[in-house]
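[1] My questions are about this predicted structure, shown below with the sequence.
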2 protein chains.
Amino acid sequence: MNNFTFYSPTYFVFGKGTENEAGQYVSRFGGSKVLIHYGGGSVERSGLLDRVKESLKKQNIDFVQLGGVVPNPRSGLVYEGIELCRKENVDFILAVGGGSVIDSAKAIAAGVKYDGDFWDFYEGKPVMEALPVATVLTIAAAGSEGSGDSVITKEEGMLKRGAGGEALRPVFSILNPELTQTLPPYQTASGATDIMAHVFERYFTNTKEVEITDRLCEAVLLTMIKEVPRVIEDPNNYEARANIMWAGMVAHNNIVGVGREQDWSSHGIEHELSALYDVAHGAGLAVIFPAWMTYVMKHDINRFAQIAVRVWGCEMNFANPEETAKEGIERLKKFLTSIGMPISFAELGAKEEDIPLMVEKLGLGERGTMGSFVPLTAKDVEAIYRLAL
Amino acid sequence: MNNFTFYSPTYFVFGKGTENEAGQYVSRFGGSKVLIHYGGGSVERSGLLDRVKESLKKQNIDFVQLGGVVPNPRSGLVYEGIELCRKENVDFILAVGGGSVIDSAKAIAAGVKYDGDFWDFYEGKPVMEALPVATVLTIAAAGSEGSGDSVITKEEGMLKRGAGGEALRPVFSILNPELTQTLPPYQTASGATDIMAHVFERYFTNTKEVEITDRLCEAVLLTMIKEVPRVIEDPNNYEARANIMWAGMVAHNNIVGVGREQDWSSHGIEHELSALYDVAHGAGLAVIFPAWMTYVMKHDINRFAQIAVRVWGCEMNFANPEETAKEGIERLKKFLTSIGMPISFAELGAKEEDIPLMVEKLGLGERGTMGSFVPLTAKDVEAIYRLAL
């Protein structure tokens, strides 16, 4: 096991009706002038935004608001938010929405406290200071409600990049599974795939002897395999929604990742897909992950056999572990198909002829690599895209 | 799933040599005058105390020290610590030791900020304010390094009681598995049993549909079943020690407990054993838990069958699930015996004739109950003690 630090200081408030407590938690965590940040009209139509505002008013907390966050959130709105916060002396940002809204809020929070261009943080500068961010989560997917990460797309060149830092961990996050019940099945399944992908990125590691982290990863995956089909079957299944929503946080606050190398190449490979076609991140991951697994499997057959047996319920083929490993990947594909996810470029609407462009945009050049389980060159990435056709 | 809050703001620093970073973390978390609190001579003999002091000196942090904490820590030293902190204007407490030292430090931290008798907190008053506490952990067991709990024994009447509150969560905890390598097998096994017991108390619940929490519980137990025999076999196995040490934190910061009722009656029943005979808490739990499980099993055969299959690797007996449930308890007993734990009063050195006294000290009276999975009356508790003979 490698040395590590683990820090997840977010105060999580989970359950029915908890959005009505937003105001009291903003008070508790010291907010006096709030930017409410959100996406499209759904939080308005559902009345959620009104309930949140009402809870702020009850605590006599002043606020301004900025909507318009789109999936794969853009830099343009971040600049707008930074300017608004400075003009209005905002000292606290409350994101009401899914991962895109939260990531946009984090970018604004970091930008307000920084003299330079906020995009610096998305080109590798660590975030050391930010306004406090809190969330009222409406989609179980990104795990941004408990993480110190943010992903933003720069309109100029459609560059999709991530930033991170402890200062970006939300001070509190309100998770009410009821709010996810109106999500259409495709979005629900995309979110679920994203959650599982956050675990895969941590599961495939070269660090030996981290059984506790392996087992915690498997716990999240087993939960998803049980619960996701239940919400696809019945979108109003509160209990299944609740399990998925909490699993989404557990999958990405890094409790299932500590003590070892993580990979994250599939996320990078997918980012080019969703940046180019503006498809749901989770749907892109459903296409990339089985291809990536197939491509790298031989690097550690036993690890792929382990996930096949422990997570996918395969019988171990002791005479031929590779067969077990392959069977695990097949079961993942069947699972993704069963919940309505695409598993190929064709199903996603991506095009073979764009592969060279996507590879180029990853910027690996002649000798660069990405990922750690198997460091991938540009040629490897191209092969993975082609496996996904 | 029930509504819940989850808050685990401790900064965990894990791995080899991390005790040398104590000073910089005290600085980061605002300590300027520190009480170093510890137990017996082992932290002195091993040089650990010197390394910690050295790291404080490097940061120019002033400190005083108070040793002498015993297992099942006593109120007397807590009063002494409170007085010392007030006299010396201590603003930060650093516990160097195991659960007893940390619990004693938490009691002092709460007492310093309170005008009344600190024991009030151990009779039910919630702790709202305390000096910041941090830890350098030397035993994987109590989980106090990540929890908001503390258990103290009052000398007058040997009353063993717990207190709790968010203010008692350590601000940082340093976990170096190397420090646990000198522990004798019996203490190692007692600690491991305590860790598993923290999971059992959360696993046996009447709340339905909390799959994610079930799976996380099972993840910790599966890890322990793999790793504990390895350290009993080879005390210097760093990797196994590391997995156990982190599992001990995960087992008790409540990530494996949220969203449902928890039980905790076995801990209460055990407290009377360790208060009366001054035996290791974990050893007492090894005696009590199988008896408790046997006594309450019929309340939910399927839950006991689930743990038997998922954790103990039993084949499900579909024609007779009760057989599977029983087999799970048998495997737990065999496991405990295999790591050198007692599973009966006789092996522990406890006496049948003391049962009425222990039952009386629990203070349930004629109509009181303890626990929630099956609320236990004084008569039930007596039956459980007798099952453990």
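    Received the coordinates, thanks.
[2] what helix or strand does the nearest residue in space to residue A:158 that is not next to it in sequence sit in?
    In space, and not counting its chain neighbours, residue A:158 is closest to residue A:275: 4.8 Å by CB to CB, 6 or more residues apart in numbering or on different chains. The C-beta positions use only the backbone N, C-alpha and C, and glycine is treated the same way. Taking DSSP states H and E as the definition, one finds residue A:275 inside helix A:265-277.
[3] Tell me the gap between that helix and the middle of its chain.
    Here the centre of helix A:265-277 is set off from its chain's centre by 13 Å, with CA atoms, centre = their mean, to the nearest Å.
[4] For the helix ranked longest in chain A, which helices and strands make contact with it?
    With DSSP state H applied, the helix covering the greatest number of residues in chain A is identified as helix A:211-233. Applying 3 or more CB pairs under 8 Å, 6 or more residues apart in numbering or on different chains; DSSP states H and E, we find helix A:211-233 packed against helix A:185-203, helix A:238-250, helix A:301-310, helix A:321-338, helix B:211-233, helix B:238-250.
[5] Out of these, the one nearest residue B:377 is which?
    Closest to residue B:377 of the helices and strands packed on helix A:211-233, according to CB to CB: helix B:211-233, at 27.0 Å.
[6] ok, back up a step: I'd like the helices and strands packed on helix A:211-233 laid out as TSV, including distance to residue B:16 and mean pLDDT.
    Compiled in TSV, those are given as follows (distance: least, CB to CB, whole Å; pLDDT from 0 to 100):
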stretch	distance to residue B:16	mean pLDDT
helix A:185-203	22	98
helix A:238-250	27	98
helix A:301-310	25	98
helix A:321-338	33	98
helix B:211-233	16	98
helix B:238-250	8	98
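[7] what's the closest of the ones you listed to residue B:139?
    helix B:238-250 (8.6 Å).
[8] Are that closest one and chain A in contact anywhere?
    Yes: under the criterion of CB under 8 Å from any CB of the partner chain, chain A is reached by helix B:238-250 at B:239-240, B:242-243, B:246-247, B:250.
[9] just to revisit the earlier point, give me the helices and strands touching the helix holding residue A:275, please.
    Where contact means 3+ CB pairs under 8 Å, 6+ apart, helix A:265-277 is packed against strand A:159-164, helix A:185-203, helix A:281-296, helix A:355-361, helix A:378-387.
[10] Export these as a markdown table, with columns for distance to residue A:145 and mean neighbour count.
    A markdown table is the format used below for the helices and strands packed on helix A:265-277 (distance: least, CB to CB, whole Å; neighbours: other CB atoms under 10 Å in any protein chain shown):
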| stretch | distance to residue A:145 | mean neighbour count |
| --- | --- | --- |
| strand A:159-164 | 15 | 20 |
| helix A:185-203 | 12 | 24 |
| helix A:281-296 | 15 | 25 |
| helix A:355-361 | 29 | 16 |
| helix A:378-387 | 30 | 18 |
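[11] now those in JSON lines, with distance to residue B:83?
    What follows is the helices and strands packed on helix A:265-277, written out as JSON lines (distance: least, CB to CB, whole Å):
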{"stretch": "strand A:159-164", "distance to residue B:83": "45"}
{"stretch": "helix A:185-203", "distance to residue B:83": "48"}
{"stretch": "helix A:281-296", "distance to residue B:83": "58"}
{"stretch": "helix A:355-361", "distance to residue B:83": "66"}
{"stretch": "helix A:378-387", "distance to residue B:83": "65"}
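[12] if we compare those, which one ends up closest to residue A:74?
    That would be strand A:159-164 among the helices and strands packed on helix A:265-277, by CB to CB, at 10.0 Å.
[13] That closest one vs helix A:265-277, what angle?
    Using axes from the mean of the first three to the mean of the last three CA atoms, to 10 degrees, the direction of strand A:159-164 lies 140 degrees away from that of helix A:265-277.
[14] So is the following helix or strand past strand A:159-164 next to chain B?
    Counting by DSSP H and E, the element after strand A:159-164 in chain order, helix or strand, is strand A:172-175. No: for strand A:172-175, no contact with chain B is found by CB under 8 Å from any CB; the gap never falls below 8.9 Å.
[15] now check stretch A:137-152, is it near chain B?
    No: against chain B, stretch A:137-152 shows no contacts by CB under 8 Å from any CB, the least distance being 9.6 Å.
[16] Quick one: end-to-end length of that stretch, please.
    End-to-end distance for stretch A:137-152: 18 Å, by CA to CA, to the nearest Å.
[17] where's residue A:327 relative to residue B:231, distance?
    Using CB to CB, to the nearest Å, we find residue A:327 at a distance of 34 Å from residue B:231.
[18] same check, this time on residue A:323
    Residue A:323 sits 35 Å away from residue B:231, taking CB to CB as the criterion.
[19] okay, the two: which has more neighbours?
    Set residue A:323 next to residue B:231 and count neighbours by other CB atoms under 10 Å in any protein chain shown: residue B:231 wins out with 27 against 16.
[20] What is the burial count for the closest residue to that one other than its chain neighbours?
    Among residues not flanking residue B:231 along the chain, residue B:240 sits closest, at 4.7 Å (CB to CB, 6+ apart). Residue B:240 has 24 neighbouring residues, counting by other CB under 10 Å.
[21] again with residue A:53
    Under the neighbour criterion other CB under 10 Å, residue A:53 is assigned a count of 18.
[22] Alongside chain B, which residues does the stretch 201-350 of chain A contribute?
    When proximity is defined by CB under 8 Å from any CB, the stretch 201-350 of chain A lies next to chain B at A:208-212, A:215-216, A:218-220, A:222-223, A:226-227, A:239-240, A:242-243, A:246-247, A:250, A:255, A:258-259.
[23] When you filter those down to buried only, what's left?
    Under a neighbour-count criterion of 16 or more other CB atoms under 10 Å in any protein chain shown, the subset of these counted as buried comprises A:209-212, A:215-216, A:218-220, A:222-223, A:227, A:239-240, A:242-243, A:246-247, A:250, A:255, A:258-259.
[24] Break chain A into its domains for me.
    Described in terms of automatic domain parsing, the domain architecture of chain A consists of the residue ranges A:11-179, A:185-387.
[25] Tabulate the ones you listed in CSV, adding columns for distance to residue B:54.
    As requested, the domains of chain A are arranged in CSV below (distance: least, CB to CB, whole Å):
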stretch, distance to residue B:54
domain A:11-179, 27
domain A:185-387, 27
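[26] what sits against residue A:298?
    By CB atoms under 8 Å, 6 or more residues apart in numbering or on different chains, residue A:298 lies in contact with residue A:322.
[27] swap the cut-off to 10 Å and go again
    By CB atoms under 10 Å, 6 or more residues apart in numbering or on different chains, the contact list for residue A:298 reads A:304, A:322, A:325, A:374.
[28] Let's check: the centremost residue of chain A is which one?
    Centroid-nearest residue in chain A, with CA atoms, centre = their mean: residue A:142, separated by 2.5 Å.
[29] Not counting its neighbours along the chain, what's nearest it?
    Once flanking residues are discounted, residue A:142 sits nearest to residue A:99: 2.4 Å by CB to CB, 6+ apart.
[30] Could you double-check that the one you found sits in contact with residue A:144?
    Yes: contact between residue A:99 and residue A:144 holds when scored by CB atoms under 10 Å: they sit 4.5 Å apart.
[31] Overlap of the contact sets of these two?
    Counting by CB under 10 Å, 6+ apart, the common neighbours of residue A:99 and residue A:144 are A:135, A:137, A:150-151, A:248, A:252.
[32] Sort out which of those residues are in strands and list them.
    Restricting the shared contacts of residue A:99 and residue A:144 to those inside strands, with DSSP state E as the criterion, leaves A:135, A:137, A:150-151.
[33] are any of the residues you listed buried, and which?
    Using 16+ other CB under 10 Å as the burial test, those include A:135, A:137, A:150-151 as buried.
[34] Kindly reformat those residues as JSON lines containing pLDDT.
    As requested, these are exported to JSON lines (pLDDT from 0 to 100):
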{"residue": "A:135", "pLDDT": "98"}
{"residue": "A:137", "pLDDT": "98"}
{"residue": "A:150", "pLDDT": "96"}
{"residue": "A:151", "pLDDT": "94"}
